[in-house]
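Enquirer: got a predicted model here, sequence first, then my questions.
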Amino acid sequence: MDPGRVTRTDRLERILRALATSLGPLEEAPTPLAGGITNHNFRVALGGQQYVVRMHGQDTELLGIDREAERLASEAAASLGIAPAVAGALDECLVTRYVAGALAGAADLAAHAPRIARALRSFHDCGLELPSRFAVPELLERYARVVGERGGALPAAFARVRELAARVAAALAPARARPCHNDLLAGNILLDEDATGITIVDWEYAGMGDPYFDLGNLSVNNDFDERADRLLLDAYLGGGASDGALARLALMRVLSDAREGAWGVVQAHVSTLDFDFDFDGYARSHFERMLATAATDGFEEWLACASASREERRGATA
């Protein structure tokens, strides 16, 4: 092995030595946690407490990740009781208290849609100002530049995805930017053992954006049906969801697939993971679902409904 190469084990040992000065000595061997695609996650016991050390992956800023935004969002969410407490942050990692909970499947999350909606609403309304911005069309351009700078080629579908994302953004009435999570995969939501509480983890894509992206991202990533979407929106809005709100949610599902697919494209060129993950296949599946949705009559109806709502809002404020 190259003596100048720093291994993942070396990095973790250095991090744990640094953490021991504030959190206490290491009491047992760290346990790797499954599920991380961008970072390496470990459960560690320090000074009589259990923590999760999220060791940052290489070049994650190319994915649009802002580590200061991640820390601030994690701390704000923890203060609301919807995320683990932050115990420390170093240049190479974020440390949170370990929280026991069950990873939820899509069916579980759909059943708990109202509870998740209320948790997200509390974060969206908390008043936090994050140093990063999250907007899918801008993210697509950034990812395309990264791939080009790495000497890669964009898949044929990328141009059409860009075009559709621009159409969606143009149809939607601008929303006041709020702090958002932006990565609501099933693996990032834990249900308490009695299924009465929700814990949301992995805030690394947090940024100021449209709250409806969180709702659409949650919905499409976890296969919500129309009933679950309506329950989600009714709970989020505190009342019956309008046709305009439902159309906005549906269009954000489309933007979510655009983002996920583009993320897979750029990860195929920048990831340094030491296990196999089919980023190209991941990108292809999300692009295919997005394009299939955009080919339906429903897509045009959502655009028309969102555009009408935008004009109504513009007229009301003229």
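Expert: Okay, I see it.

Enquirer: after the worst-scoring helix or strand of the chain on mean pLDDT, next one along is what?
Expert: Least confident helix or strand of the chain, by mean pLDDT, DSSP states H and E, is strand 102-103 with a mean of 70. Heading C-terminal from strand 102-103, the first helix or strand you meet, by DSSP states H and E, is helix 106-111.

Enquirer: just the residues contacting that next one, thanks.
Expert: Contacts with helix 106-111, where a contact means C-beta atoms under 8 Å, 6 or more residues apart in numbering, come from Ile116, Ala186, Ile189, Leu191, Ala195, Leu218, Asn222, Asp223, Phe224, Asp225, Ala228. Glycine gets a C-beta too; all of them are placed from N, C-alpha and C.

Enquirer: quick check, nearest of those residues to Arg162?
Expert: Checking the contacts of helix 106-111 against Arg162 by C-beta to C-beta gives Leu218 as the nearest, at 23.7 Å.

Enquirer: what's the neighbour count on that closest one?
Expert: Neighbours of Leu218 under the rule other C-beta atoms under 10 Å: 31.

Enquirer: rewinding a little: closest to Arg67 among the contacts of helix 106-111?
Expert: If you rank the contacts of helix 106-111 by distance to Arg67 using C-beta to C-beta, Ile189 comes first, at 21.6 Å.

Enquirer: related to what we said a few turns ago, can you redo the contacts of helix 106-111 as TSV with distance to Arg284, secondary structure and pLDDT?
Expert: Formatted as TSV, the contacts of helix 106-111 follow (distance: C-beta to C-beta, whole Å; DSSP: H, G, I helix; E, B strand; the rest coil; pLDDT from 0 to 100):
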residue	distance to Arg284	secondary structure	pLDDT
Ile116	28	helix	95
Ala186	20	helix	90
Ile189	25	strand	92
Leu191	31	strand	85
Ala195	35	coil	57
Leu218	22	helix	97
Asn222	20	coil	95
Asp223	18	coil	95
Phe224	22	coil	96
Asp225	24	coil	94
Ala228	26	helix	95
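
Enquirer: make a markdown table from those residues and add distance to Met252 to it.
Expert: Putting those into a markdown table (distance: C-beta to C-beta, whole Å) gives the following:
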| residue | distance to Met252 |
| --- | --- |
| Ile116 | 15 |
| Ala186 | 18 |
| Ile189 | 17 |
| Leu191 | 24 |
| Ala195 | 27 |
| Leu218 | 10 |
| Asn222 | 14 |
| Asp223 | 15 |
| Phe224 | 12 |
| Asp225 | 16 |
| Ala228 | 15 |
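
Enquirer: next one: phi and psi at the residue lying closest to Asn188 once chain neighbours are set aside?
Expert: Distances taken as C-beta to C-beta, 6 or more residues apart in numbering put Asp202 closest to Asn188, at 4.5 Å, once the chain neighbours are dropped. For Asp202, the backbone dihedrals (degrees, to the nearest 10) come out as phi 60, psi 80.

Enquirer: now do the contacts for Asp202.
Expert: Taking C-beta under 8 Å, 6+ apart as the criterion, Asp202 is in contact with Arg54, Asp183, Gly187, Asn188.

Enquirer: do the same with Ala295
Expert: If a contact means C-beta under 8 Å, 6+ apart, then Ala295 has no contacts.

Enquirer: any idea how far it is from Asp234?
Expert: 29 Å (C-beta to C-beta, to the nearest Å).

Enquirer: got it, and Arg162?
Expert: Arg162 sits 33 Å away from Asp234, going by C-beta to C-beta.

Enquirer: what of Leu249?
Expert: Distance, Leu249 to Asp234, using C-beta to C-beta: 11 Å.

Enquirer: please apply the same query to Asp108.
Expert: Taken as C-beta to C-beta, the span from Asp108 to Asp234 is 19 Å.

Enquirer: show me the shaky parts of the stretch 1-150 of the chain.
Expert: 1-6, 35-36, 102 (pLDDT under 70).

Enquirer: got any residues that touch both of Leu249 and Asp234?
Expert: By C-beta under 8 Å, 6+ apart, the residues touching both Leu249 and Asp234 are Ala241.

Enquirer: and the two? Which one has more around it.
Expert: Neighbour totals were compared for Leu249 and Asp234, and Leu249 leads with 24 against 16 (other C-beta under 10 Å).

Enquirer: contacting residues for that one?
Expert: Residues near Leu249 by C-beta under 8 Å, 6+ apart: Tyr212, Leu215, Gly216, Ser219, Asp229, Leu232, Leu233, Ala241.
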